[in-house]
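Q: Okay, structure incoming, though there's no sequence with it:
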């Protein structure tokens, strides 16, 4: 059985410690503001996350860009030249062009490296939903599964990755074109907070609206706990935040009260998704009930 590498993208929100622990690499997207361009590093070397979200609070418009095709070529070829297969796990195609870029490079390289395989997965998730799928893939690899076997398991189970999220300020979603200006305006006046999930094709949409920050945070904990599958082969949960660590810590406590001594990873929402959802956003990810709903038209 061939060794294989796991490659994801800047949306995975896996910090250096997690990437080293599970031997996962990634390709960079980019973001910019005021004509300054930065790699969307998962380690925030160029611009610490607190500065990034402070800029957003001060009204800076952050623009994002996709992974250049050449980044995928470079990452894939590095593995192929070492005789390894490649398992590429990309952010949802509903949110990003990463998966399509990986497929393009796969087609370009298949004749150059006929003895190796490239497997490309549309994770139908972003942030730590994507990150947890990569961690699970790495655990399966350590158990001796081949790239082809892990590829099949990811595709069979990715719709069981649940996301429940809420935002602090709807205006960031308005600027990103995710909600109507009127919804953001009245939401701000009446402190309406959306409960956001990822649907069966990887789109994010609000399934509920509640009043107040505390209510919205309590609600996503409640919904996740009800959907969580304690018998899942991957029991790890992730709580992500956009510069609101205190709320993330509170969510971890509440989840442990409801679910017992479960492993919970705390992560920071990276710049690509963070540029759309804004500071104060919090999310919970983990395996649970299969996602079957789709965003209403």
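A: Noted; the coordinates are in hand. This structure is a prediction, so every number in the text was calculated from the model and none was measured. Numbering: from 1, shown residues only.
Q: The helix or strand encompassing residue 74: which residues count as buried?
A: Counting by DSSP states H and E, the element that carries residue 74 is helix 69-81. Within helix 69-81, the residues that qualify as buried are 69, 71-73, 75-76, 79-80, counting by 16 or more other Cβ atoms under 10 Å. All C-beta atoms are positioned from the backbone trio N, CA, C, and that covers glycine.
Q: Between those, which sits nearest residue 54?
A: Nearest to residue 54 among the buried residues of helix 69-81, counting by Cβ to Cβ, is residue 71 at 28.1 Å.
Q: could I get the buried residues of helix 69-81 as JSON lines with distance to residue 131 and pLDDT?
A: As requested, the buried residues of helix 69-81 are arranged in JSON lines below (distance: Cβ to Cβ, whole Å; pLDDT from 0 to 100):
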{"residue": "69", "distance to residue 131": "23", "pLDDT": "94"}
{"residue": "71", "distance to residue 131": "19", "pLDDT": "95"}
{"residue": "72", "distance to residue 131": "19", "pLDDT": "97"}
{"residue": "73", "distance to residue 131": "23", "pLDDT": "98"}
{"residue": "75", "distance to residue 131": "17", "pLDDT": "98"}
{"residue": "76", "distance to residue 131": "20", "pLDDT": "98"}
{"residue": "79", "distance to residue 131": "20", "pLDDT": "98"}
{"residue": "80", "distance to residue 131": "24", "pLDDT": "98"}
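Q: before we move on, back to that, which strands or helices does whichever helix or strand comes after the helix holding residue 74 pack on?
A: Proceeding N to C from helix 69-81, the next assigned helix or strand is strand 85-90, under DSSP H and E. Applying 3 or more Cβ pairs under 8 Å, 6 or more residues apart in numbering; DSSP states H and E, we find strand 85-90 packed against strand 4-9, helix 69-81, helix 98-109, strand 118-122, helix 127-142, helix 147-157.
Q: I'd like to know which of those lies nearest to residue 215.
A: helix 127-142 (22.5 Å).
Q: Report the rounded mean pLDDT for the closest one.
A: Averaged across helix 127-142, the pLDDT comes to 98.
Q: Ok, stretch 97-104 next?
A: Here the average pLDDT along stretch 97-104 is 97.
Q: how about it: buried residues?
A: Applying 16+ other Cβ under 10 Å to stretch 97-104 flags 97-99, 101-103 as buried.
Q: Ok, stretch 52-69 next?
A: 52-53, 55-56, 62, 64, 66-67, 69.
Q: How about stretch 136-144?
A: Buried-residue list, stretch 136-144, by 16+ other Cβ under 10 Å: 136-138, 140-141.
Q: now what about it, what contacts it?
A: 1, 4, 6, 22-24, 87, 89, 149-150, 153-154, 233-234 (Cβ atoms under 8 Å, 6 or more residues apart in numbering).
Q: For PyMOL, write a command that selects the buried ones of those residues.
A: Command for PyMOL, covering only those of those found buried under the criterion 16+ other Cβ under 10 Å:
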select buried, resi 4+6+22+24+87+89+150+153+154+234
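Q: would you list every one of the helices in the stretch 151-297 of the chain?
A: 170-175, 181-190, 213-227, 245-259, 271-277 (DSSP state H, counting those that start in this stretch).
Q: Would you mind finding the most buried of those?
A: helix 271-277 (a mean of 26; mean count of other Cβ atoms under 10 Å).
Q: other SSEs contacting that one?
A: strand 30-33, helix 49-57, strand 63-65, helix 170-175.
Q: thinking again about what came up before, just checking, what packs against the helix holding residue 74?
A: Looks like helix 69-81 contacts strand 4-9, strand 24-27, strand 85-90, helix 98-109 (3+ Cβ pairs under 8 Å, 6+ apart).
Q: returning to that earlier point: columns distance to residue 16 and mean pLDDT on top of the helices and strands packed on helix 271-277, output as JSON lines?
A: Formatted as JSON lines, those follow (distance: least, Cβ to Cβ, whole Å; pLDDT from 0 to 100):
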{"stretch": "strand 30-33", "distance to residue 16": "19", "mean pLDDT": "95"}
{"stretch": "helix 49-57", "distance to residue 16": "13", "mean pLDDT": "96"}
{"stretch": "strand 63-65", "distance to residue 16": "21", "mean pLDDT": "93"}
{"stretch": "helix 170-175", "distance to residue 16": "27", "mean pLDDT": "66"}
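Q: Just put those in JSON lines and tack on distance to residue 257.
A: Shown next, in JSON lines, are the helices and strands packed on helix 271-277 (distance: least, Cβ to Cβ, whole Å):
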{"stretch": "strand 30-33", "distance to residue 257": "36"}
{"stretch": "helix 49-57", "distance to residue 257": "28"}
{"stretch": "strand 63-65", "distance to residue 257": "36"}
{"stretch": "helix 170-175", "distance to residue 257": "29"}
